[in-house]
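*Asks:* Give me a model of this one.
(2 chains)
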Amino acid sequence: MKSENRIRLNAQNISDNEYFFGHKACAGCAGSLAVRLALKVLGERTFTALPAGCMSAVGFIYPQMAFAINAMISTFPGTASLLSGMKAGLKKLGKEDVNIVGFAGDGGTADIGIQALSGAIDRRDRVIYICYDNEAYMNTGIQKSGLTPFGTKTTTTPAGKNIRGCLTHKKNMFEIVAAHDIEYAATASVGYPEDFMNKVQKAAEASTTSYIHVLAPCPTGWGTPTETAVEIAKDAVDCGLWFLAEYEEGEFKLNRVPKEFSSVKNYLFQQSRFKHLTEDDIIEIERFRDKKWDRMKSKWLNEK
Amino acid sequence: MKYEEKMFVSGNEAVALGVCLSRPHVISAYPITPQTVVVERLSELVEDGSIDADFMHVESEHSALSAAMGSSAVGARTFTATSSQGLLYMAECLHYASGGRFPIVMMNANRSLALPWSIYGDLRDSLSLLDSGWIQVYVEDAQEALDMIIQGYKIAEHKEVLTPFMVNLDGFVLTHTYELVQVPNQQEVDHFLPPFETVNKMALDAPKSLGFSSTPQDNLEFKYQQHMAMMKSIEIIEASDREFGQRFGRTYGGMVDAYKCEDADAVLITLGSITGTARIVIDQLREEGLKVGLFKIRYMRPFPVNEIRELGRKVKAIGVLDKDISFGYEGTIFTNVNSALVGPDSPKVTMNFVGGFGGRNISKAEIAKMFHDLLFAMKGKPYDRVNFVNLGVKTNEIRK
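*Replies:* Numbering: from 1, shown residues only, chains lettered A, B, ... in the order given. Predicted structure coming up:
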């Protein structure tokens, strides 16, 4: 990592160029914001692939192409392998001074695409894989994914008298990826855009595979006002249900350790997908959060 | 690796030689019996520098073809190989690659499909994917396998074709048997097959979106273009066969290869390696005075409809040997042949012989019986449309 030479990106020095615009994403979509910001960091010498999912559905409707760079829809399970193929081809054609980035949703990453992602990391292919996590299959109409949080009401985990939404917690993708001994992995949130952009910059400097998992609220699926996506994404981190961390040179690092968490209840009840939760459910969610933070702090803060 | 002019190699090794001579940039393949030796030899050829390619150790067949699409999309010449379950695991990508017009060449070792589990040969794997938009050629021996890899790139990459190309070899019967093959000279191959150039690729100076969505307004037009490119490939296939013949001294007949069909009453249509056995049977039956012929379909897609119609006009009975079945109907090759023959070109009799599943041998005697059945039917004896070859259970046992 060339960290000493790196200029920290912020709202003032980030590129004015746009590489993802004119798309048909919902109002307030944080996934499209994540793609837009990442591409501002990566620039025009970037090749991208996106699987079936919101961003490919809104960005490639012939003849209106929303990407100003080389872009392609991959198969749903094949984001990482398509990226690897691009990398291999470009390398053999003598074009190595480029960025190759994938943007897949939580379903495309943690569920159907996890095998190809594992393969790409295993091969140490120099590609950037960005998971924009909106916590359900939003493109097909809000169905549960492996990254849907406990208690969430989705169209396949309805909140009724017998079952109150999703019964499982989020799959731990960040540590699954880190367990591959990946060169660089990070979690991020569109609520902390500077942190996200700088992590994208670091990922681009990696000489092998890198992975960024960015929380990207979906007003349509979460049941929130369209102007609040960034605030909610920030709140998710502040209340401790999401976290900002990195895995670099074999070590974990917590980028933000709140002294005191903001209210989980307040975070949840802003969103109609959690409106049905009981006090007991909230206690379970807080218990899970605390257990995760205890583990992260005890393991990762002691590491240098 | 040092090439000899003549080498004693297996079908799989012949494929690897063909790939090597075609100078691909990227090879992405996942091992599966009976294709494995292709992957092993190509790994060795990359290791020893014979091929300047990136060998991708993908974790599945789905990723093998997905990666192949990625490298083809940036303008790299790409190879993959698979068989059977692997071909079906990449089925989504087969349609994807043809729709994206990525001229990838793939070798498929024809093998049965589970269940029951079987590593041995039949044609149910590739024939079940006839509609995936790939050019499909079926070869008869190791030499043809080697030559068709080289021709495959020539045809697939033609600017009016831009369609992926599948070279099918019978599992074990061709992949694992050894033959003496002529190895073309690299310089000659370079002349025959220049570097891959296409406008249908991602480029830094002209960024593109490939593999996009279409609305109902445009979808048919994209698919029409794909169909017309496949139809166009017939001409390119024939031209490529002729040019290959002029340069290397070997031609294969283009879409089909007819043997003693000119004056024949009854003709058997075959695909792949069984053709060799059938040719011997033809010679024997001809000595007995029977007017029989053999018609090898080389390409199942595009389909040799004109050649089959011409055959239909000449002969009285056509038998089709299918190492596959579309359950509830008949063999897939038979369906295709019959549909070409509908109308005034139809001979008096068409019969389907279904067998050779999961590696089951089809003997010369059984092929001879097919001809006798055809000749009897031609003379008015009642016959069945679909006939199972050497069936081990009696049909009345099945009924009970």
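
*Asks:* Backbone dihedrals for whatever residue of the stretch 151-300 of chain A ends up closest to chain B, both of them.
*Replies:* Proximity of the stretch 151-300 of chain A to chain B (C-beta to the nearest C-beta) peaks at residue A:180, 11.9 Å away. Any C-beta I mention is one placed from the backbone N, CA and C, and that applies to glycine too. Here is the backbone geometry of residue A:180 (degrees, to the nearest 10): phi -80, psi 0.

*Asks:* which non-adjacent residue is nearest the residue in the stretch 1-150 of chain B that chain A sits nearest to?
*Replies:* Closest approach between the stretch 1-150 of chain B and chain A, counting by C-beta to the nearest C-beta: residue B:70, at 2.5 Å. The shortest distance from residue B:70 to any non-neighbouring residue, by C-beta to C-beta, 6 or more residues apart in numbering or on different chains, is to residue A:85 (2.5 Å).

*Asks:* How far off centre is the helix or strand where that neighbour lies?
*Replies:* Residue A:85 is part of helix A:79-92, with elements assigned from DSSP states H and E. Put simply, helix A:79-92 sits 21 Å off its chain's centre (C-alpha atoms, centre = their mean, to the nearest Å).

*Asks:* What of stretch A:210-219?
*Replies:* 2 Å.

*Asks:* just stretch B:74-90 next, same as before
*Replies:* Chain-centre distance of stretch B:74-90: 14 Å, with C-alpha atoms, centre = their mean.

*Asks:* Touching, the residue of the stretch 151-300 of chain A closest to chain B and residue A:123? I think so.
*Replies:* No. Between residue A:180 and residue A:123 there is no contact under C-beta atoms under 8 Å: 10.4 Å.

*Asks:* Show me which of the two is the more surrounded one.
*Replies:* Neighbour count, other C-beta atoms under 10 Å in any protein chain shown: between residue A:180 and residue A:123, residue A:123 has more, with 21 against 18.

*Asks:* got a list of what that one touches?
*Replies:* A:84, A:209, B:56-57 (C-beta atoms under 8 Å, 6 or more residues apart in numbering or on different chains).

*Asks:* how about 10 Å then?
*Replies:* Contacts were defined as C-beta atoms under 10 Å, 6 or more residues apart in numbering or on different chains; by that measure residue A:123 touches A:80-81, A:84, A:87-88, A:208-209, B:56-59, B:67.

*Asks:* which among those gets closest to residue B:247?
*Replies:* Using C-beta to C-beta, residue A:88 comes nearest to residue B:247 of these, at 30.4 Å.

*Asks:* Identify the residue nearest that closest one in space, chain neighbours excluded?
*Replies:* Spatially, and ignoring its direct neighbours in sequence, residue A:88 is nearest to residue B:54 (4.1 Å; C-beta to C-beta, 6+ apart).

*Asks:* Please enumerate the shared neighbours of residue A:180 and residue A:123.
*Replies:* Shared contacts of residue A:180 and residue A:123, defined by C-beta under 10 Å, 6+ apart, are found at residue A:209.

*Asks:* ok, which stretches of the stretch 151-300 of chain B are strands?
*Replies:* Using DSSP state E, counting those that start in this stretch, the strands of the stretch 151-300 of chain B run over B:165-170, B:178-182, B:209-210, B:256-259, B:266-270, B:292-297, B:299-301.

*Asks:* and of the ones you listed, who's closest to chain A?
*Replies:* strand B:209-210 (4.0 Å).

*Asks:* Neighbours of residue A:292, how many?
*Replies:* For residue A:292, using other C-beta under 10 Å, the count is 16.

*Asks:* Run through the residues that contact it.
*Replies:* Contact analysis of residue A:292 by C-beta under 10 Å, 6+ apart lists A:169-170, A:172, A:240-241, A:243.

*Asks:* Check residue A:170 too.
*Replies:* A:106, A:110, A:133, A:135, A:145-150, A:152, A:241-242, A:288, A:292.

*Asks:* Please repeat the previous calculation with a cut-off of 7 Å.
*Replies:* With contact set as C-beta atoms under 7 Å, 6 or more residues apart in numbering or on different chains, residue A:170 has these partners: A:147, A:149.

*Asks:* Phi and psi next, for it.
*Replies:* The phi/psi pair for residue A:170 (degrees, to the nearest 10) is phi -60, psi 140.

*Asks:* mind listing the strands in chain A by residue range?
*Replies:* A:46-50, A:60-61, A:64-65, A:70-73, A:99-105, A:128-133, A:184-189, A:210-215, A:245-248, A:251-254 (DSSP state E).

*Asks:* Would you mind putting these into a markdown table with mean pLDDT alongside?
*Replies:* Output for these, formatted as a markdown table (pLDDT from 0 to 100):
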| stretch | mean pLDDT |
| --- | --- |
| strand A:46-50 | 98 |
| strand A:60-61 | 95 |
| strand A:64-65 | 94 |
| strand A:70-73 | 98 |
| strand A:99-105 | 98 |
| strand A:128-133 | 98 |
| strand A:184-189 | 98 |
| strand A:210-215 | 98 |
| strand A:245-248 | 98 |
| strand A:251-254 | 97 |
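
*Asks:* Now distance to residue B:13 and mean neighbour count too, for those, in a markdown table please.
*Replies:* Compiled in a markdown table, the strands of chain A are given as follows (distance: least, C-beta to C-beta, whole Å; neighbours: other C-beta atoms under 10 Å in any protein chain shown):
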| stretch | distance to residue B:13 | mean neighbour count |
| --- | --- | --- |
| strand A:46-50 | 34 | 29 |
| strand A:60-61 | 42 | 20 |
| strand A:64-65 | 44 | 14 |
| strand A:70-73 | 35 | 26 |
| strand A:99-105 | 34 | 29 |
| strand A:128-133 | 37 | 29 |
| strand A:184-189 | 41 | 28 |
| strand A:210-215 | 39 | 28 |
| strand A:245-248 | 44 | 21 |
| strand A:251-254 | 47 | 15 |
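
*Asks:* Many thanks, I have nothing further to ask.
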